[in-house]
Structure formats: C-alpha cells, structure tokens
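> No sequence on hand, only this structure:
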C-alpha cells in the first residue's frame, strides 16, 4: 500500500515539474488555448488513471482492494474502484467550480498581473494537496471507526445545498479584509509587486509581496470549499487512496481550467443551481445509501455518476438557452 502512495505522489510531482519547469518556466500570460489544452491533458490522465485503478484493484497490486470499504461494506474490485474514482473525480471537480469565480475575484481585487497568476495557482496546488490530504486522512479515519459519521456528513451536505440554492448571493469569498489585516499585523508587506517573488529583502529586512497575499487568500478559499467538497466524496467511498487521488486530479484540472473559465463562468446563470443539486443529491445518497442499493443494485455509483453528468450538462444547456441579460 505504501508503494502505491509513493508512486502516485512521484507521478504528481512529475506532472507539476513539467507544468512549472517546462511549460511555464518563464512568467507569461496563460492564453485560453494553452489552459484548455493542459486541462484536456489532465482529464485524459485522470481517465487513464481510472484504467490503472481498475487493474490495480482487480489484481490487488500493492495491497489495493484488500479491505472492506466502510461506506458500502464491500471489497472494491477493479470495476467498482474505477467507477468510484471517476464519480469522486467528477463530484470534486464540479463542486470546486465556484472556487474559480472566487479566485478570479481575489486576483481582480489585488490586481494580480496576469503573467504572475499561474505562479500563485501552482504553489496553491501544493498547499491544497497538503491540506486536503490531512482532511481526508481525518475524515476516512472517522468513517472507518464511526460509520454513523456518514449520516452527519449527509445532513451537513443537504443543509449546505439548500443554503446555496436559496441564498441571494450566488458566490462567496473569504473575508479578504480581515485576512489581509491579520497578515499585515504580523508581517511587513510591500505595496508594489516585485516580479513573481513572494518574499523580497529590502534594506536587510524581509517583506511579503502582494503576490504572497494572493497566495494566502487562494489557500484560504480552497480550505473553505474543501469543507463542503471532501465530505461529499465519502458518499462514494472511504478508501483513502481513491478519495485522495480523485481529489488531486480534480485540483490539478481545476487550476488549469481557471484561465479558460474565469471569464466565462459568471455567464452560466444556472451554475449555482447545478452545483446545489449535485450537493443535495450526494447528501441524500449518504442518508439513503441502503435503500438506494436495494433499489438500484450494486451499480448505484454508476447511476449516481450518470445523474451528476445530466445535472451539470442540463445547467450548462439552460444557461446557454437563457443567458444572463446584458448589464446596463
């Protein structure tokens, strides 16, 4: 099992090294075509990894698939593990879409130069992986030890979905003023950007730059959104390897999609409704897992994946057919 974790982390390290060391070695404005190309590459990698998951769990490579998944009380074979990975990947990716809009607000508020935005997002990935890894480890441990925690997660997700669905404001962002004030309280911060540096030395003293403030806000935003998205995947599986790997691929893809979606996502007026329905569906699945399995059989996760796709596609089509009226 340890070999599987080490191998995956090394694999992710290679992807990030290619991203920063080859494709984005020099600071530049990431064009939409470049962003969508890399996003398509990460999606293809996720689909390819699902195939690897199939064979790994089917043949029990590195000890994978040898334990009972506490969510549905079955041992994951290759097909079931692959479906759970893909379902978790789609759930995490869809529920993090709102994060793109908030990151765009942060960059606009701090006037982050476009050529430096990729650097913030790249290092934000590393922080997000660490934070989500810790949250997943705690969550998986709770689910495995106390199965009733699943129902608490379910109630929490249903409540969050209803709050999102009926809230007047479609998007939220962390309290930037409070966070910035706390950072400035303990660290000196420059007024101007210094190329793509997060820290600079002036007159022998170290200063944070506004780029560092942007990174702190992006990390805070990811932590806030992870509170909703990570419990959602425990409706699918409590297998730490499947939960973590699906989260990682979703984060990498989302940060690539940012440059292609940041200017478009606010045009999708039904995005909030779609995400709320996905969250509501996942929460209900958590609360009624036994009944759904008896009704739909062992393919309940496959059906869930199909319904999630239908909700997201329906929201996109409805947004295209009925776009937002032009601002006056």
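On my side now, so go ahead. Since the model is a prediction, treat every value here as computed from it, not as a measurement.

> from here on, contacts and neighbour counts on C-alpha atoms
Noted.

> Could you count how many residues lie near the closest residue to residue 196 other than its chain neighbours?
Taking C-alpha to C-alpha, 6 or more residues apart in numbering as the measure, residue 196 lies nearest to residue 116, with 5.8 Å between them; neighbours along the chain are not counted. Number of residues near residue 116 (other C-alpha atoms under 10 Å) recorded here: 19.

> same check, this time on residue 146
Neighbours of residue 146 using other C-alpha under 10 Å come to 11.

> Now do it, the pLDDT please.
Predicted confidence (pLDDT) at residue 146: the value is 78.

> Tell me the spacing between it and residue 132.
Using C-alpha to C-alpha, to the nearest Å, we find residue 146 at a distance of 20 Å from residue 132.

> buried set for the helix or strand containing residue 100?
Element membership for residue 100 (DSSP states H and E) is helix 97-110. Applying a neighbour-count criterion of 16 or more other C-alpha atoms under 10 Å, the buried positions in helix 97-110 are 97-104, 106-107.

> Among these, find the lowest-pLDDT one for me.
Least confident entry in these, by pLDDT: residue 98, with 67.

> circling back: for the one helix or strand the residue nearest to residue 196 maps to, packing partners?
Assigned by DSSP H and E, residue 116 belongs to helix 114-145. Helix 114-145 sits against helix 149-166, helix 210-233, helix 240-261, with contacts defined as 3 or more C-alpha pairs under 8 Å, 6 or more residues apart in numbering; DSSP states H and E.

> Run a quick neighbour tally on the nearest residue to residue 212 once chain neighbours are set aside.
Excluding the flanking residues, the one nearest residue 212 by C-alpha to C-alpha, 6+ apart is residue 198, at 4.7 Å. The local packing count at residue 198 equals 19, with neighbours defined by other C-alpha under 10 Å.

> my guess is residue 198 meets residue 216, correct?
No. With contact taken as C-alpha atoms under 8 Å, residue 198 and residue 216 are classed as non-touching, separated by 10.5 Å.

> how about residue 78, what does it touch?
Under the criterion of C-alpha atoms under 8 Å, 6 or more residues apart in numbering, the contact partners of residue 78 comprise 53-59.

> Buried by neighbour count, from the residues you listed: which ones?
Restricting the contacts of residue 78 to buried positions leaves 53-58, with burial counted as 16+ other C-alpha under 10 Å.

> Distance of residue 69 relative to residue 291?
Residue 69 sits 18 Å away from residue 291, taking C-alpha to C-alpha as the criterion.

> Give me the more crowded residue out of the two.
For residue 69 and residue 291, the more surrounded residue by other C-alpha under 10 Å is residue 69, and the numbers stand at 18 against 11.

> give me phi/psi at that one?
Here the main-chain torsion angles of residue 69 (degrees, to the nearest 10) amount to phi -80, psi 120.

> distance of it from residue 111?
Noted for residue 69: a distance of 46 Å to residue 111, by C-alpha to C-alpha.

> what does the host helix or strand of residue 295 contact?
Under the criterion of DSSP H and E, residue 295 resides in helix 289-296. Helix 289-296 is contacted by residues 72, 285, 299-300 when judged by C-alpha under 8 Å, 6+ apart.

> With stretch 199-213 instead?
Outside stretch 199-213, the residues that touch it by C-alpha under 8 Å, 6+ apart are 110, 112, 120, 180, 183, 187-194, 196-198.

> got it, and stretch 246-264?
By C-alpha under 8 Å, 6+ apart, the list of residues contacting stretch 246-264 from outside reads 30-33, 35-36, 38-39, 42-43, 46, 85-86, 88-90, 92-93, 96-97, 100-101, 104, 121-122, 125, 128-129, 132.

> No further questions, thank you.
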